[in-house]
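Asks: sequence and predicted model, in that order:
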Amino acid sequence: MAKMMVRDSASASPGETDEGQQDTQDAMRLRHQSLQLSSSPPASIEHPQAPVGQIVFQEGYSAYYDSDFWPVLISEIEDLRRLFDAEPNNKTPWMSSSVLGLHIQMPTTDQSIMRPTVQESNMLCRLYFENVNPFMKILHQSHFAKELDQYRRGVFPFSEEYEALLFSIYLLTVNSLQPQVVETMFCTAKPALVARFQLATQVALMRVNFIQTDKVLVFQALLHYLVR
């Protein structure tokens, strides 16, 4: 029997032997590849520090925000303000507490008495686009005029957010004018008018929850307030 098996093995053709070796090599190669795949870490493990954010879709726009977008932005702007502030210890409690996310009691302020007249509003908006916006380049004048018309007619969908933007524009514009010009145009001393619009801007920003909101209008209002 042993002699017959040896004879049969010896009588096997070279082609059959090569095919057997090829099958063995293919099997070993597949096994090696499967071991490599099973030992590879998942993508989430390879990149544990990958950023996490969200895409927000709302009427008229969409935007992507990182999870800590607002806190980081406010912190960086506050750092820049401290560099150019001659008296860095005079930070307002309102801004310091808001950055820390502390609850602030809403001032009992009637926004209607803080608003300027339509004529004064038009004058401030015109001065803003003449003197301020060329340096900031935040707003598009024709688009702003369209939204302002909708806001005044009561058909603008984000009226509270837009009011915060308006008060911040008033504040920044008055701050950019000479005291004599302010008193001549508005029959009010500049410090009094600045204080009025500053309080109105703060109240408006708190009402729209500026720390957590994702509205572009609020972001624009906050930028105007911080560079006032």
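Replies: Sure thing, it's come through. Residues are numbered from 1 along each chain as shown.
Asks: show the contacting residues for Val194.
Replies: With contact set as C-beta atoms under 8 Å, 6 or more residues apart in numbering, Val194 has these partners: 171, 174-175. Any C-beta I mention is one placed from the backbone N, CA and C, and that applies to glycine too.
Asks: for Arg196, see how far away Ser75 is.
Replies: For Ser75, the distance to Arg196 equals 29 Å [C-beta to C-beta, to the nearest Å].
Asks: which one's more surrounded, these two?
Replies: Between Ser75 and Arg196, Arg196 has the larger neighbour count (other C-beta atoms under 10 Å), namely 19 against 12.
Asks: and the pLDDT at that one?
Replies: Arg196 is assigned a pLDDT of 92 by the prediction.
Asks: then the helix or strand hosting Cys125 to CSV, C-alphas only?
Replies: For Cys125, the host element (DSSP states H and E) is helix 118-127. Included here for helix 118-127 are C-alpha records, laid out as CSV according to Å, rounded to 0.1, in the frame of the first residue of the first chain:
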residue,chain,number,x,y,z
VAL,A,118,-37.4,107.4,13.3
GLN,A,119,-35.5,110.5,12.1
GLU,A,120,-32.8,110.0,14.7
SER,A,121,-32.6,106.3,13.8
ASN,A,122,-32.2,107.2,10.1
MET,A,123,-29.5,109.7,10.9
LEU,A,124,-27.6,107.2,13.1
CYS,A,125,-27.8,104.5,10.5
ARG,A,126,-26.5,106.8,7.8
LEU,A,127,-23.6,107.9,10.0
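Asks: buried residues of that helix, list them for me.
Replies: Buried residues in helix 118-127, counted by 16 or more other C-beta atoms under 10 Å: 121, 124-125, 127.
Asks: as a check, name the ranges of all strands in this structure.
Replies: With strands called from DSSP state E, the chain shows them at 53-58, 61-66.
Asks: give the burial count for Glu160, as a bare number.
Replies: The number of residues packed near Glu160 is 14, by other C-beta under 10 Å.
Asks: quick check: it vs Tyr151, distance?
Replies: The span separating Glu160 from Tyr151 equals 10 Å under the rule C-beta to C-beta.
Asks: what of Ala221?
Replies: Using C-beta to C-beta, Ala221 is found at 13 Å from Tyr151.
Asks: more neighbours, those two?
Replies: Set side by side, Ala221 and Tyr151 show unequal neighbour counts under other C-beta under 10 Å, the larger going to Ala221 at 26 against 17.
Asks: I'd assumed Ala164 was in contact with the more buried one.
Replies: Yes - Ala221 is within contact range of Ala164, at 4.1 Å (criterion: C-beta atoms under 8 Å).
Asks: overlap in contacts of those two?
Replies: Both Ala221 and Ala164 are contacted by 201, 204-205, 210, under the criterion C-beta under 8 Å, 6+ apart.
Asks: using a markdown table, lay out those together with neighbour count, pLDDT and distance to Ile113.
Replies: Formatted as a markdown table, those follow (neighbours: other C-beta atoms under 10 Å; pLDDT from 0 to 100; distance: C-beta to C-beta, whole Å):
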| residue | neighbour count | pLDDT | distance to Ile113 |
| --- | --- | --- | --- |
| Thr201 | 26 | 91 | 15 |
| Ala204 | 25 | 90 | 14 |
| Leu205 | 23 | 90 | 18 |
| Phe210 | 21 | 86 | 22 |
